[in-house]
Each structure stands twice: as structure tokens, then as C-alpha cells.
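Student: Fold the following for me, if possible:
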Amino acid sequence: MHRRTSLMLGMTLVILLGIRIPLSAAPLPQTDDNTFVVWGPSGLELDSYITATFQARHPELEIIITDQGWDEALRQNLQNAILMGRPPDVVIGENYFRAFAAQGDLIPLDDIIAPYVDDLIPATYAGAIYADHVYAIPMFTGVFAFERNCSVVEAAGLNCDEPPQYWDELLTETEAITAAGAGDYFGYTLQGPGGTAVGSAFRIAVYQAQLDALPCVDDACTIPIFNDPDVIPVYEMLRELAAYTPPGLLNNTNEGQVYEALFRGVSGYQIAGSWHVGWATTAGCTTCRYSSIPMPRDGHAANMLVGNVLYGAPSAGRHPELAKEWLELLISREAQERVFPLLGRLPVRRSILTRLGATVDPATATFIDQLLTADLAILPQWESDPRETWAIYNELLSGVLKSDRPIPELMQEAQAQLELLRDG
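Tutor: Numbering: from 1, shown residues only. All right, here's what the predicted structure looks like:
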């Protein structure tokens, strides 16, 4: 018999994943050679298929699924478990796999991914490549699109059937919506970099990618740069959008409240993740519609992978070969075909996405088209001092969005702090 351990403490909603995870981790389970331990959110319906299939193959094993948090908390918990000699057999994650691979703490999975590589969206595993080897397997993913509440847009006298295609059109329309709203509704939802700032950085990164101005020196986006002059037009445009954002949202650290403003008719436009389709329906936005994200006239269309969930196998786990078997299940056709019906998320295989796109609602089809056709970037994985680096970047974004100080000056200050961090 298998056992699923879900010892969850202090549940909180993580908007980027659309799943619930704890603020603090569960205690590490007691394990022996007959236990198989997976770190990841318990209770995902797709887990039932994976677990049942794996259990049928290995009835002698006790399968333990335990939630050890997300982002920095998860990274630290994994680091501690490795140091204690008690890592899981399989671990969830999104943007830390390169660092652990560089330390030799993960198993290379090239043999697992090779049979599927031509059918996988390359960006879904790009963040898990280190030294030309793949160290994590994608399970499901997401992407951004431009979301509009047509009730708000049309109340301002604009045609919702013709959403803005370029930045200058976006700025003109957000100004018009804000003026027409006279304090009742506004043009654009812009999330500030406070609190868990990844939602803000993700969406800003879409605009940066359109000008090839992500805050990175290298193509893998592991080395930061905060004074690249190519990004100045992005920051100038965002500063204008901030003037057309509902009061208080830039300082609100609750992502749910920030993006629900559009569903409630307080905002006209925003960048939305692929889970927004179901979220908008649940919130009662019957006039929410989706299209490609406006871009600069001298730039190009681009997008950002978001909510991209991967699983890897620690090299010191008890059952490395069994871990590979579990991971291969995640990208099997049987599992991938269940991703959207059970989770409302997007699978990572092109063939399944293509078939799905022909059957779903137009809103979801928009996101699938973006995933299949867009130039996709991934979230940076700073190779050193990630927490401190993000803190410097968030301070820079705060200055851009919440002050009128010269943007080049803010960028130079951030770069000086970054270089001081490196030298220290």
C-alpha cells in the first residue's frame, strides 16, 4: 500500500502556479530502502494517475509525496536535505536546477528526454540545461497573453475587437480609458515589485524580451546586468503605464487582488498568464478576451514562459533509476493528455498542444498559439547570490515605477550595487 503524506502548514495561494503550497515546509519524512519520496504539491489530480501507475509497477514501495514549499524556501530546503544526506528521490522546481546541477547534486536526464525532445517545447526544459546536459523534466507550463475587459474598454468608447498592437497604441488607449473612467476605472493593471516580486518581473520581462533587453549578459540569463541602455525604452513605457494603473495596486503584494481588479471592471488591460482564462470565468468576467501582447514598433513579438513546472532527481537519492522511471511518466502521452482536463494547465508536448488547440475555447487557444509560435524567454537563474541580486533588481524596478528619478541614474545605482555584491 502506498501512503501520500501532505503535512501542509500555513497554506497560501501561489498565483503563478495556480496551486496551493505551504509557507513553511513539512518535516522530512522517515525513509528507508522501501520508500520512494517525491517533493511536490500533494493533491494535484494528475498525481493520482502518476502515483497509481508507478505503484502498480512497484507494489513493494511506499510512495511519499510531501510539500516542501516553493521558490527560495524550496531551494533552501533541498540544499539542507542534501547536506543532511536525506534528499528526495524526485523534486519539483522551476528556476533553480542549473545551480544544483553545477554542484553535481542532480542526475542528468538526457536518456529520458531524448525520445521526446522533438515533440517538446524547447523553452520548457531550457532552464534545466547545464553543460549541455538536461537535469529536469517539464510536466506542465504556461505563457502570457494580453487580457482585456471589454466592458471597460467599450465604456471608454474604444473598439474591443481591435486591441492595441503596439506600445504607442497601448499608451494612447490606457490614457483614454483612465480619462473616461474619471476615477471609477483605469487603463492598465501594472503590478509593482513588492513582496513576492516574481509576478512583476515576469511581466516586465515580456516587454524587455521584445527589445532583446532582458537584464542578462549571457543567453542562458545567469549573469545579470542592470545598466543596459537598450532597456531604457521599456522602463519609460512602464513608467507611463503606472500613471494609468488603479491607485494602490503598485503597492499591493497580493497578486490575486492585483489582477482581479480587471475582472471587477476597475481596469481595462493587463498581461495575463494562461491560468487567467479559468480565473476570469470563476470571477465572473464574461467579457474578458485575449490577444497577443502589444510590442514596440522597432521591436519584435516575444513572450515569457511562466508557471513552468519541472521535476529533477537528486543524485544522492535512494532510487536513481526508479526516479528516472517516475520522471518519464510525466512526459508520457497518457500523462500529458491529462494535464489540461485535470489541471487546467498547458502540456509541454507540441503534438498534444496542437490537438488541444483545435478543441478548446478561443481564449485558451490564444495561449496555446503563443506557446507554439512565440519567441519564448525564461526567467533568469542568477548563478551567484540570487536572493541579493533579485533584491537589487526589485529596488531598481520600484524606482522606475514609483518615482520620477531619472531612469539612467537608477540603473547605474543598481549596477553599482551589483558590482559591489560581486566584489564582496
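
Student: Show me where this protein dips below the pLDDT cut-off.
Tutor: Using pLDDT under 70 as the threshold, the predicted model of the chain has low-confidence ranges 1-32, 42-44, 195-197.

Student: How is it divided into domains?
Tutor: 9-142+308-348, 144-304+380-423 (automatic domain parsing).

Student: What separation is there between the spatially closest residue to Pro246 that is not a sequence neighbour and Val400?
Tutor: Nearest residue to Pro246 in three dimensions, chain neighbours excluded: Phe186, at 4.6 Å (CB to CB, 6 or more residues apart in numbering). Every residue, glycine included, has its C-beta placed from N, CA and C. If you measure Phe186 against Val400 using CB to CB, to the nearest Å, the figure is 19 Å.

Student: More neighbours: which of those two?
Tutor: A count of neighbours by other CB atoms under 10 Å puts Phe186 above the other of Phe186 and Val400, at 26 against 23.

Student: hang on, the residue nearest to Pro246 packs against Ser267?
Tutor: Yes - the pair Phe186 / Ser267 is scored as a contact, 5.4 Å apart, by CB atoms under 8 Å.

Student: Mutual contacts of these two, please.
Tutor: 245-246 (CB atoms under 8 Å, 6 or more residues apart in numbering).

Student: show me where the stretch 201-350 of the chain has helices.
Tutor: Taking DSSP state H, counting those that start in this stretch as the criterion, the stretch 201-350 of the chain carries its helices at 232-242, 255-263, 276-283, 320-330, 333-343, 350-357.

Student: let me redo that: the stretch 1-150 of the chain
Tutor: For the stretch 1-150 of the chain, helices defined by DSSP H, counting those that start in this stretch occupy the ranges 45-57, 71-83, 97-102, 110-113, 123-126, 150-155.

Student: Go through the ones you listed and pick out the most buried.
Tutor: helix 123-126 (a mean of 23; mean count of other CB atoms under 10 Å).

Student: Which residues does that helix contact?
Tutor: Contact with helix 123-126 is made by 113, 134, 136-138, 141, 305, 308, 310, 348, 376-378, as judged by CB under 8 Å, 6+ apart.

Student: for stretch 85-93, same thing?
Tutor: Contacts made with stretch 85-93 from outside it, assessed by CB under 8 Å, 6+ apart, are listed as 28, 31, 36-41, 66, 68, 74-75, 78, 81, 105, 136, 309-314, 316-320, 322-323, 326-327.

Student: mind running it again at 6 Å?
Tutor: Residues outside stretch 85-93 that contact it (CB atoms under 6 Å, 6 or more residues apart in numbering): 28, 36-40, 78, 81, 310-314, 316-317, 319, 323, 326.

Student: which stretch among the helices of the stretch 201-350 of the chain comes nearest Ala56?
Tutor: helix 320-330 (11.4 Å; CB to CB).

Student: Might one say that Val348 is in contact with Pro138?
Tutor: Yes - contact between Val348 and Pro138 holds when scored by CB atoms under 6 Å: they sit 4.3 Å apart.

Student: quick one: the residue nearest to Pro246 and Ala179 touch, right?
Tutor: No - no contact is recorded between Phe186 and Ala179 when judged using CB under 6 Å, the distance being 9.8 Å.

Student: Can I get stretch 231-242 in PDB? Just the C-alpha atoms.
Tutor: Only the C-alpha atoms of stretch 231-242 are listed here, as PDB (Å, rounded to 0.1, in the frame of the first residue of the first chain):
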ATOM      1  CA  VAL A 231      16.200  48.600 -21.700                       C
ATOM      2  CA  ILE A 232      15.500  52.300 -21.100                       C
ATOM      3  CA  PRO A 233      12.600  52.500 -23.600                       C
ATOM      4  CA  VAL A 234      10.900  49.600 -21.700                       C
ATOM      5  CA  TYR A 235      11.200  51.400 -18.400                       C
ATOM      6  CA  GLU A 236      10.000  54.700 -19.900                       C
ATOM      7  CA  MET A 237       6.900  52.900 -21.300                       C
ATOM      8  CA  LEU A 238       6.200  51.200 -17.900                       C
ATOM      9  CA  ARG A 239       6.500  54.500 -16.100                       C
ATOM     10  CA  GLU A 240       3.800  55.900 -18.300                       C
ATOM     11  CA  LEU A 241       1.600  52.800 -17.700                       C
ATOM     12  CA  ALA A 242       2.000  53.300 -14.000                       C
END
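
Student: ok, back up a step: using JSON lines, lay out the helices of the stretch 1-150 of the chain together with distance to Leu249.
Tutor: Rendered in JSON lines, the data for those read as follows (distance: least, CB to CB, whole Å):
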{"stretch": "helix 45-57", "distance to Leu249": "33"}
{"stretch": "helix 71-83", "distance to Leu249": "22"}
{"stretch": "helix 97-102", "distance to Leu249": "33"}
{"stretch": "helix 110-113", "distance to Leu249": "40"}
{"stretch": "helix 123-126", "distance to Leu249": "29"}
{"stretch": "helix 150-155", "distance to Leu249": "15"}
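
Student: Which one, of these, ends up nearest to Leu371?
Tutor: helix 123-126 (8.7 Å).

Student: Kindly export the closest one (C-alpha atoms) in PDB.
Tutor: Taking only C-alpha atoms (Å, rounded to 0.1, in the frame of the first residue of the first chain), the coordinates of helix 123-126 have been written out as PDB:
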ATOM      1  CA  ALA A 123      11.900  26.500 -23.600                       C
ATOM      2  CA  THR A 124      10.100  24.200 -21.100                       C
ATOM      3  CA  TYR A 125      13.400  22.500 -20.300                       C
ATOM      4  CA  ALA A 126      15.900  25.200 -21.300                       C
END
